[in-house]
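[1] Show me how the following folds:
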Amino acid sequence: MRLADEGFPLCLSPDGRWALVRAHLVTFEAQKWPGLRVVPTGTGDVRTIAAPGLQVVAADWVPDGRGLLVYGREADRGLRAFLLDAGGQGRRAVTPEGVSACEVGRRGVACLGPTKRVTFYSLEGGESREVPGLEPGLRPLRLSEDETSLFVSPPRANRVSPLRVERVDLATGRRTLVQEFKPADMAGVWIYRPPLVTPDGRGYAYGYAQWLQDLYLADGFR
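    Numbers count the residues shown, from 1 in each chain. Below you'll find the predicted structure:
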């Protein structure tokens, strides 16, 4: 079912009734609308969240639906995460510049911090803290339902290495392997993005591209 005629889809609301859509960032035309659009998946009206002065890259709902976490860039500033209330007002930065791969929960957001280590930032403005014992480069995938642990994806050693999902205890940094997978036939396979994981860690999805070519040997030429 088509929800919108233009824009880039970001996520669904916790109740599944709304989709967040941003304008295309790479286009030969001027953006037709700024910020975000909230599009109904059923009945309802489309509304726009303007986010003035902010170039929106990604966004997600806080799990209880009381606000939005927006990842974007203000003029002449680096990327960081902002908290907006449900009406799109009251923008407040919750991370420093230079964070990436942010995953939001009810109480905070886990990101790769400026040091490329997994860091937990409070949505209420408390002190940030790095998750202990983790090397740089682990990518946050999803906070668990109780927000005591975080699913992460370690860097792959090479292109044909399995894609791993591990569960990290946020208090101790203890890591447990949850899933390891890769396509049965790795010929010509490139995996571009980390997997998507459900909050209980039991469901996942991942995608890949595969390029296959034929190689011929020709002889007899002069």
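
[2] what's near enough to touch residue 107?
    Contacts for residue 107 were tallied using C-beta atoms under 8 Å, 6 or more residues apart in numbering; they are 122-124, 147. All C-beta spots, glycine's among them, are computed from the backbone N, C-alpha and C.

[3] Only the buried subset of the residues you listed, as a ChimeraX command please.
    Only the buried entries of the contacts of residue 107 go into this ChimeraX selection, using 16 or more other C-beta atoms under 10 Å:
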select :123,147
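
[4] Export the contacts of residue 107 as JSON lines, with columns for pLDDT, secondary structure and distance to residue 170.
    Shown next, in JSON lines, are the contacts of residue 107 (pLDDT from 0 to 100; DSSP: H, G, I helix; E, B strand; the rest coil; distance: C-beta to C-beta, whole Å):
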{"residue": "122", "pLDDT": "89", "secondary structure": "strand", "distance to residue 170": "12"}
{"residue": "123", "pLDDT": "87", "secondary structure": "coil", "distance to residue 170": "15"}
{"residue": "124", "pLDDT": "83", "secondary structure": "coil", "distance to residue 170": "16"}
{"residue": "147", "pLDDT": "86", "secondary structure": "coil", "distance to residue 170": "8"}
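
[5] ok, which pair from the contacts of residue 107 is furthest apart?
    Farthest-apart pair in the contacts of residue 107 is 124 and 147; separation 13.4 Å (C-beta to C-beta).

[6] Could you list the low-pLDDT ranges of this structure?
    Applying pLDDT under 70 to the chain flags residues 25-34, 86, 88.

[7] how near is the residue nearest to residue 85 when sequence neighbours are not counted to residue 132?
    With C-beta to C-beta, 6 or more residues apart in numbering as the criterion, residue 85 has its nearest non-adjacent residue at 5.1 Å, and that residue is residue 67. As judged by C-beta to C-beta, to the nearest Å, residue 67 and residue 132 stand 28 Å apart.

[8] My guess is the residue nearest to residue 85 contacts residue 82. True?
    No. Using C-beta atoms under 8 Å as the test, residue 67 is too far from residue 82 to be in contact (10.0 Å).

[9] so how far is the first residue of stretch 108-124 from its last?
    Terminal residues of stretch 108-124 are spaced 8 Å apart (C-alpha to C-alpha, to the nearest Å).

[10] and if you look at stretch 52-68?
    15 Å.

[11] And that stretch, what's buried?
    Buried residues in stretch 52-68, counted by 16+ other C-beta under 10 Å: 54-56, 58-62, 67-68.

[12] try stretch 170-179
    For stretch 170-179, burial by neighbour count (16+ other C-beta under 10 Å) applies to 170, 175, 178-179.

[13] CA-only coordinates of it in PDB, if you can.
    Provided in PDB are the C-alpha atoms of stretch 170-179 (Å, rounded to 0.1, in the frame of the first residue of the first chain):
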ATOM      1  CA  LEU A 170      25.500  -2.400  29.400                       C
ATOM      2  CA  ALA A 171      26.600  -2.600  33.100                       C
ATOM      3  CA  THR A 172      29.500  -5.100  32.700                       C
ATOM      4  CA  GLY A 173      30.400  -5.100  29.000                       C
ATOM      5  CA  ARG A 174      30.000  -8.900  28.900                       C
ATOM      6  CA  ARG A 175      29.300 -10.100  25.300                       C
ATOM      7  CA  THR A 176      27.300 -13.200  24.200                       C
ATOM      8  CA  LEU A 177      27.000 -14.400  20.600                       C
ATOM      9  CA  VAL A 178      23.300 -14.300  19.500                       C
ATOM     10  CA  GLN A 179      23.500 -15.100  15.800                       C
END
